[in-house]
Structure formats: structure tokens, C-alpha cells
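J.: here you go, sequence then predicted model.
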Amino acid sequence: MSNHTPDQLQIFLDIATEAALAGGAVLQAYWGNLEAVQEKGRPGDLVTEADKAAETAILAVITRHFPEHQILAEESGQLGDTTSEYLWAIDPLDGTTNYAHQYPFFSSSVGLLIDGIPQVGAIYDPFHNELFRAAKGLGSTCNRRPIRVSKTDQLSKSLLVSGFAYDRQETIDNNYAEFCHLTHLTQGVRRSGSASIDLAHVACGRVDGYWERGLQPWDIAAGIVIVEESGGKLSAYDGSPLVISSGRILATNSYIHSSLSQELSQVTPLSGWESAGNQLTR
């Protein structure tokens, strides 16, 4: 893997920040003024003119500074030189359903993978005017102030966050059972509807852990770096190394990581589906 100096990573971070802020500015302009909300395929998988305009603004920043880099963007797909060691993973509007309903949890997320490993990330929440960012070895910040994960060390005292993929009506592996199981073991499980916001909130200690399936690299690339640099831990559900293309992620303050991983292993999709159904019908 290529080695980069802190100064080089800082340059990448500054560009990621510029891009995320540009996307967020577009989202602010369209907030409450949408004219076209469409479904991309699955029910609930929405796209709006704000998604597209924000992505255009983000791409303009990235391609102006790094025209030779590879890009993976939610609306535009794969762009640029696929042989490049640099891959920008871009979600111009993470939380489109929230945004379309004017529910205030959404962001513009810009992450940079170098040789396949997330190294730089910027997440901008324009509604709350919060900018989360990090680069490998440089720490994590919110609005330029250092952030750290929580110190909660017991699952029973934790607050978690999770989400449900667009295919949840088509598969029994839909996270319902895990959600119910962990709701009974913790102080609560929340659902924000934005993976990047969830990871940012783990990083700054507002929640103690997060898990989800059905994710894309653009959903989590930026957040992975921000959590790591704030002292958190990331892995697959079973505690093995995280594979970003798997679509599954477990992120915690590190203290409850093993416990949360063990509890997730207790729930299987089939028995979990039946269990969740029993819980919900009581």
C-alpha cells in the first residue's frame, strides 16, 4: 500500500471537506423545495433533484483537483480511471427518504479509499451545521474540534443505532430480529435513516454502537475513518476484519464491541424473523 505523509493526507482531507460542504450547500438550497421525488427501483429507494445537483457539485470539486482519480458515486456510478489507487466514494445525499419528508437527518458524505482502504472522510450535516471529518493519523473532529467515542463499557447501559435496507420486505435477513433482540438488552436502539450520520454519532459519543446490513461503500467510507480516528472499532458482525464491499458493518466505541458482536451472533435470520414477529405481535 502506498504511504502518504500527514501533509498529503491533509490536502486530501481539505478537498473532501470542500466537496462535502459544496454538496451540503445544495441540499440546503433544495430543502423544502423539491419538485420531483422518484423511486429508483425498490419501494422507498428514492432519488430527487437535490441528490443529483449535490452530486454534480461534489464531483466538480473532486475532478477539478484530481481529474486522474477514480470515483464511485451513488447516482453516477463508476467514473474515472479504474486503475487508480485513489477511489472517492461519494453519497451526495445520505438519507434521501428523510430529506424528502423534511425529517432532519441527512448528510453529504465524501470518503477517499487509497488502495482499497478508507483513509479520508468528510460528512456534512447541513441541517445541524455539523461537519465531521478525519484522516488516518490526524484524528477526528466535529466543526474543527476533536471528538472521541463514548466510554460506556456495558451493553446494558448502551444506546445503539441501526437501520434497515431497501430489500427488507424481500428477505428474512432484514435486521428486524437483531433490532428487537438488542432493544431488550440495551437502553435503546435508534434508527436515524442515514448510515453516515450514525457513524458520525458513534465517533462523537452520542451513541455507543451501530450495526447494519445492505450498505454500499459510499454509505460508510467516510464514516469508517471518522470512527477509527475517534478511538472506535469497526469489524464485520462476527468481529473479523471489515470488508467494505460486504455491505455489513459493526462500529462501536470499542468497549462494547465484543459483547455486541456476540449478541448479533445469537440471532439467525430465520429464527430471528419468527422471534421478531412474536415480539411485534404481543
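T.: Yes, it's here.

J.: buried set for the helix ranked longest in the chain?
T.: When the chain is parsed with DSSP state H, its longest helix is helix 6-30. Buried residues in helix 6-30, counted by 16 or more other CB atoms under 10 Å: 9, 11-13, 15-24, 26-27, 30. Every C-beta, even on glycine, is put in place using the N, C-alpha and C of the backbone.

J.: so what does that helix touch, helix or strand wise?
T.: helix 49-65, strand 86-94, strand 107-114, strand 117-125, strand 130-135 (3 or more CB pairs under 8 Å, 6 or more residues apart in numbering; DSSP states H and E).

J.: leaving out chain neighbours, which residue sits closest to Gln187?
T.: Leu159 (5.3 Å; CB to CB, 6 or more residues apart in numbering).

J.: tell me the contacts of the closest residue in space to Gly223 that isn't next to it in sequence?
T.: Leaving aside its chain neighbours, Gly223 sits nearest to Leu199 (2.7 Å; criterion: CB to CB, 6+ apart). Contact partners of Leu199, counting by CB atoms under 8 Å, 6 or more residues apart in numbering, are 123, 210, 220, 222-224, 226-227, 251.

J.: distance check, Leu199 against Lys52.
T.: Going from Leu199 to Lys52 by CB to CB, to the nearest Å gives 24 Å.

J.: and Glu130, by the same measure?
T.: Distance, Glu130 to Lys52, by CB to CB: 24 Å.

J.: check what pLDDT the residue nearest to Gly223 gets.
T.: We have a pLDDT of 98 for Leu199.

J.: which helix or strand contains it?
T.: helix 195-203 (DSSP states H and E).

J.: chain center to the very next helix or strand once past that helix, what's the gap?
T.: Counting by DSSP H and E, the next helix or strand C-terminal to helix 195-203 is strand 209-212. Strand 209-212 sits 10 Å away from the centroid of its parent chain (CA atoms, centre = their mean, to the nearest Å).
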